[in-house]
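Engineer: the amino acid sequence is not available; the structure is as follows:
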DNA sequence: TTGCTGACTTGGC
DNA sequence: AGCCAAGCCAGCA
């Protein structure tokens, strides 16, 4: 039996979809929550592999690199990601997202 | 099965 | 601060 439950795509899509508005998670954190501590790269690959329809219903912009870095920097999508996050009220420290304020499990003061 | 790619991460220089 | 190399994971030829 090769079909063991949902594929990686659906798991990533489901988890990313639970990220509250105004908060962000890192690739490594998403991977860890999926039960794959070192699957950060796989998560990025999954998000990249989403269909256009999936992109529309999944808040992919709420997933950033370690330390709040924008991995998409240097690519057109990177600017869009930053714009979307700012629209949600996410603060930036230079070129990085303020994880201390918008982290997944960080309580805002 | 092997090898390559990629929206990653960490450590060293 | 920025660049390079190694490690890790999933999918595909």
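Structural biologist: Perfect, I can see it now. No experiment lies behind these values; they were computed from the predicted model shown. Residues are numbered from 1 along each chain as shown, chains lettered A, B, ... in the order given.
Engineer: how many other residues sit next to residue A:27?
Structural biologist: Residue A:27: 22 surrounding residues under other CB atoms under 10 Å. In this view, the C-beta of every residue, glycine as well, is placed from N, C-alpha and C.
Engineer: err, residue A:64, not the other one
Structural biologist: Using other CB under 10 Å, residue A:64 has 24 neighbouring residues.
Engineer: residue contacts, it?
Structural biologist: For residue A:64, the contacting residues are A:24-27, A:70-71, A:81, A:97, by CB atoms under 8 Å, 6 or more residues apart in numbering.
Engineer: what residues does the closest residue in space to residue A:41 that isn't next to it in sequence make contact with?
Structural biologist: Leaving aside its sequence neighbours, residue A:41 sits nearest to residue A:27 (CB to CB, 6 or more residues apart in numbering; 7.5 Å). Contacts of residue A:27 were listed using CB under 8 Å, 6+ apart, and they are A:40-41, A:43-44, A:63-66, A:71.
Engineer: and the furthest pair within those?
Structural biologist: Using CB to CB, the two most remote members of the contacts of residue A:27 are A:41 and A:64, lying 14.5 Å apart.
Engineer: can you show me the strands along chain A?
Structural biologist: Ranges of strands in chain A, per DSSP state E, are A:25-26, A:63-64, A:92-93, A:96-97.
Engineer: excluding chain neighbours, what is closest to residue A:88?
Structural biologist: Setting aside the residues directly before and after it, residue A:88 is nearest to residue A:22 in space (CB to CB, 6+ apart), at 4.9 Å.
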